[in-house]
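Colleague: sequence? don't have it. structure:
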């Protein structure tokens, strides 16, 4: 049987989080009362003219920079087609001379996906079809809200470098964190701030030619994206295996039955009659714009993961993946807690422990965790490492620190986390040895695996108050004596 | 044709001065204007709407300012007519099209605001060829405007209503828009001065677009000095128009009477034909300039003839896109249908007239996949050739002279069934539109039939000052009887 390779290219539309729209001064806001953020320009009233929002250009350039694109002189085109939610019945968009070209995006697993272009365009209004199941052709009437009309978008077009549904998901996930990190977008897929279309094809493994692709729309979540690609790949393989051909078409993903359906061919018969927008002048990324785009943008997630991984691997033998990241590193960077970890290590904390507490306990409340002073976090971690606090106690103190702030030592004291004195600990250890003679004998014979069981009994008896490191030391010293 | 002289307002500067000093009132000047409108509007149909109440309120506001010691501005009390494709807040703006029936703009065009700030008083909205597409105003959905020199003839177009209003003495100043000649051609046919400024000198914000890369607003007046003053008032950067040049308004008045001594004037031979009265007028005009000290020579610029076919691809292409928004969804006419597409096509089918439909179809075709390179792409290349040809010519000349139009005003119905013949009206005016250069039509002679003939002065981009200087010089040599206002 032929083996097939999945080939995916993604088009991601990102709404820019500017204060105002792309070509007028109306508010760019989600969820306001319909048709309240409108003016002659974004309503496309006769005689009105667009004027570019400089801030939107800065953010578009910022995105390009984060995606390793080259910025260049660009022009806007008109994309002509009739649709009631498009006030001018053309969309102002960039066509063959986009602002950002030829970049790439590195995924957490170290793979790279090429970015063909990241261009600017305006959003359309939003139509609600009333009656007839919400589809335009069966609806009784339609309501149009033009608040979204003219909201700035950047469309990021990947190269067909993606080879699986999982990689597609990872790409969008990574892109999302980049867009949030640049301050260009709030990254909210559920509010439509981020919208994804997938071009999916399959080809026999080893083939150089691409198969016929289908464009899948209506992917409103990462889960839909993954499922739609999986479905599409299976569907296309089945067609080819049955000796049929895949038709190039636009397909609609149905969240109800997790399948894709062909959209009306009429909607695809559009000839957009692109031509240069005469109402706007070319955009030239001058030094001022490029400087504004570079301003305030810290390192991107990939670089931050590298830096964090280096910090960890320089001090421990943590198993690493290809790019040296771990799931914990990915989580910590994603939540913006990497600065906290770096700071805590500078203040003397153990990197491995700092990463673990950040990725697990701090991650439960990232907003609060980002407010923690690295020095305070480090103080706590040092108490845990030295055995003053058990892991369980340390986690509880951390939770309180994030909740109310304060000093770790004082919180520990208030919670009664006095360090168990060594005689009490010794008594507990002796009790466990007495209660489990067989295990103790195996341990004495050199079976280290059983040590964990014995320590566990002590932890249980102390209700988590005992320090794991000190307990292990106590067993070891008794074996040697 | 016999045309008797009409009562004159005096120059714009004189009107403003008499209002500013309180020698007369804006209200009195307005009354003179409205009297003339009442007298002649029934015969001429210059206006789609005369906004008497708004005008009286504006005139009163000007007079109040004078009484309270404030200066209403350089056009204080000047009655002005506005082409009905300039948006006026709360006043119907129709483009002489059924499709905009009932639409009230919620805002003023930048030019309209600037006129008000200068103290001008708008008396109404003038008739045009629907969406400014035409050369006779016969394409208006509300009936044609008549030429005050001969009411059996067209006033030209598309700004025919604005031209006829000044030429008949209803107002001393009006504004039109010029895409391929829509100010200069009716100015020539009506015996008045019409200026198309350099593209970007006047804001297009609030001008309902025909062809965005070509449209410019400009004044109609009876004299060159009035036109210069009016243009200085409306010109200058506007942040609402990205194609507006970021520079102050051109200063024309301070050098207007400096004469033409030493200026190099080129007669463009390519637009002259033997035995044509308009060509003869150009030769006479050149001779007058030579007498006044200009160095006059003939020049051949054959690439300018590429302008007309290029224009009739580029302008319809842009128009096909600009006019998409009239779809019945948001404003203007809606003809209902069982679904959106049917509603769209019924609305457009009934709302647009035949010439507008013709141009939308031509433009849509020119931009279609598979035809773009052969039509729109080629036309843009031809446009570049026109610009280069001008650039080469302006190495040797300060200004160029051509007829404004190949013929004088023609009778109603004589060209309306032959679009190509009608399009030829713009032959001489189109090249400077494509290049974005300024041009002015000056009334210079009377034809054997007693109809006015205009001469066109062309200048390179931002050459308004020298262009208007030459126009002023031509004016002094022109036949006084070739200039309006006239009484039909």
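Modeller: Great, that's in hand. If you're wondering where the values come from, they're calculated on a predicted model, not measured in any experiment.

Colleague: From now on I want contacts and neighbour counts done on CA atoms only, so please keep to that.
Modeller: Noted.

Colleague: I'd like the distance between the closest residue to chain A within the stretch 251-400 of chain B and residue B:99.
Modeller: Using CA to the nearest CA, the point where the stretch 251-400 of chain B gets nearest to chain A is residue B:325, with a distance of 4.6 Å. Counting by CA to CA, to the nearest Å, the gap from residue B:325 to residue B:99 is 11 Å.

Colleague: Point me to the residue of chain A nearest chain B.
Modeller: Nearest to chain B, among the residues of chain A, is residue A:47, at 3.9 Å (CA to the nearest CA).

Colleague: Would it be right to say that that residue lies in a helix?
Modeller: No - secondary structure assignment (DSSP: H, G, I helix; E, B strand; the rest coil) places residue A:47 in coil, not in a helix.

Colleague: Spell out which parts of chain A neighbour chain B.
Modeller: Residues of chain A that fall close to chain B, judged by CA under 8 Å from any CA of the partner chain: A:40, A:44, A:46-52, A:80, A:82, A:84, A:87-90, A:137, A:271-275, A:278-281.

Colleague: Tell me the buried residues within the residues you listed.
Modeller: When these are checked for burial by 16 or more other CA atoms under 10 Å in any protein chain shown, the buried set is A:40, A:44, A:46-52, A:80, A:82, A:84, A:87-90, A:272-275, A:278-281.

Colleague: Phi and psi next, for the residue of chain A closest to chain B.
Modeller: In this entry, residue A:47 is assigned phi and psi values of phi 90, psi -10 (degrees, to the nearest 10).

Colleague: from what I can see it touches residue B:209, true?
Modeller: Yes - applying CA atoms under 8 Å as the test, residue A:47 and residue B:209 come out as touching, 6.0 Å apart.

Colleague: The residue lying farthest from the centre of chain B: which element?
Modeller: Distance from the C-alpha centroid of chain B, by CA atoms, centre = their mean, peaks at residue B:338 (41.4 Å). Using DSSP states H and E, residue B:338 is not contained in any helix or strand.

Colleague: quick one: least confident helix or strand in the chain?
Modeller: I'll assume chain A. The weakest-scoring helix or strand in chain A, judged by mean pLDDT, DSSP states H and E, is helix A:265-268 (a mean of 52).

Colleague: try chain B instead
Modeller: strand B:4-5 (a mean of 56).

Colleague: could you measure the residue lying closest to the residue of the stretch 251-400 of chain B closest to chain A once chain neighbours are set aside against residue A:479, distance?
Modeller: Nearest non-adjacent residue to residue B:325, counting by CA to CA, 6 or more residues apart in numbering or on different chains: residue A:88, 4.6 Å away. Counting by CA to CA, the gap from residue A:88 to residue A:479 is 84 Å.

Colleague: Verify the contact between residue A:14 and residue A:185 for me.
Modeller: Yes - taking CA under 8 Å as the definition, residue A:14 is a contact partner of residue A:185 at 6.9 Å.

Colleague: where do the contact lists of these two overlap?
Modeller: With contacts taken as CA atoms under 8 Å, 6 or more residues apart in numbering or on different chains, the residues that reach both residue A:14 and residue A:185 are residue A:193.

Colleague: The two: who's more crowded?
Modeller: It is residue A:14, of residue A:14 and residue A:185, that has more neighbours when counted by other CA atoms under 10 Å in any protein chain shown, with 29 against 23.

Colleague: Now that one: closest residue in space that isn't a chain neighbour?
Modeller: Here the nearest residue to residue A:14 in space, its sequence neighbours aside, is residue A:194; by CA to CA, 6+ apart that works out to 4.7 Å.

Colleague: so what's the backbone phi/psi at that neighbour?
Modeller: Torsion angles at residue A:194 (phi, psi; degrees, to the nearest 10) stand at phi -130, psi 120.

Colleague: any low-confidence regions in chain A?
Modeller: Applying pLDDT under 70 to chain A flags the ranges A:132-137, A:264-269, A:296, A:315-325, A:418-420.

Colleague: and if we set it to 50?
Modeller: A:266-267, A:318-324 (pLDDT under 50).

Colleague: Would you map out the domains in it?
Modeller: With automatic domain parsing serving as the domain definition, the record reports that chain A contains domains spanning A:4-294, A:301-414, A:422-480.

Colleague: what does the helix or strand hosting residue B:282 rub up against?
Modeller: Applying DSSP H and E as the criterion places residue B:282 in helix B:277-291. When contacts are taken as CA under 8 Å, 6+ apart, the neighbours of helix B:277-291 outside the stretch itself are B:260, B:265, B:267, B:271-273, B:296, B:401-408, B:444-445, B:447, B:453-455, B:470, B:473-474, B:477-478.

Colleague: Just those residues: which are in strands?
Modeller: Applying DSSP state E to those, the entries found in strands are B:265, B:267, B:296, B:401, B:402, B:403, B:444, B:445, B:453, B:454, B:455.

Colleague: Could you export these as JSON lines, including pLDDT?
Modeller: Below are the ones in strands among the contacts of helix B:277-291 laid out as JSON lines (pLDDT from 0 to 100):
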{"residue": "B:265", "pLDDT": "98"}
{"residue": "B:267", "pLDDT": "98"}
{"residue": "B:296", "pLDDT": "98"}
{"residue": "B:401", "pLDDT": "98"}
{"residue": "B:402", "pLDDT": "97"}
{"residue": "B:403", "pLDDT": "97"}
{"residue": "B:444", "pLDDT": "97"}
{"residue": "B:445", "pLDDT": "97"}
{"residue": "B:453", "pLDDT": "98"}
{"residue": "B:454", "pLDDT": "97"}
{"residue": "B:455", "pLDDT": "98"}
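
Colleague: Would you format those as JSON lines with distance to residue B:234 and neighbour count included?
Modeller: Written out in JSON lines, the entries for these read as follows (distance: CA to CA, whole Å; neighbours: other CA atoms under 10 Å in any protein chain shown):
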{"residue": "B:265", "distance to residue B:234": "28", "neighbour count": "27"}
{"residue": "B:267", "distance to residue B:234": "30", "neighbour count": "23"}
{"residue": "B:296", "distance to residue B:234": "32", "neighbour count": "22"}
{"residue": "B:401", "distance to residue B:234": "26", "neighbour count": "27"}
{"residue": "B:402", "distance to residue B:234": "26", "neighbour count": "28"}
{"residue": "B:403", "distance to residue B:234": "27", "neighbour count": "30"}
{"residue": "B:444", "distance to residue B:234": "26", "neighbour count": "30"}
{"residue": "B:445", "distance to residue B:234": "29", "neighbour count": "27"}
{"residue": "B:453", "distance to residue B:234": "27", "neighbour count": "34"}
{"residue": "B:454", "distance to residue B:234": "24", "neighbour count": "36"}
{"residue": "B:455", "distance to residue B:234": "24", "neighbour count": "30"}
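
Colleague: rewinding a little: wait, isn't the residue of the stretch 251-400 of chain B closest to chain A in contact with residue A:84?
Modeller: No - shown here, residue B:325 and residue A:84 do not form a contact pair, counting by CA under 8 Å, at 9.4 Å.

Colleague: hmm, back to that, ok, so what distance separates the residue of chain A closest to chain B from residue B:247?
Modeller: For residue A:47, the distance to residue B:247 - CA to CA - is 22 Å.

Colleague: After the helix or strand containing residue A:453, which helix or strand is next?
Modeller: Residue A:453 belongs to helix A:449-461 when assigned by DSSP H and E. Secondary structure here is assigned by DSSP H and E; on that basis, the next helix or strand after helix A:449-461 toward the C-terminus is helix A:468-480.

Colleague: I'd like to know which elements that next one is packed against.
Modeller: Helix A:468-480 is packed against helix A:422-435, helix A:449-461, with contacts defined by 3 or more CA pairs under 8 Å, 6 or more residues apart in numbering or on different chains; DSSP states H and E.

Colleague: So which bits of the last one are buried?
Modeller: Counting neighbours by 16+ other CA under 10 Å, one finds that the buried residues in helix A:449-461 are A:450, A:451, A:454, A:455, A:456, A:457, A:458, A:459.
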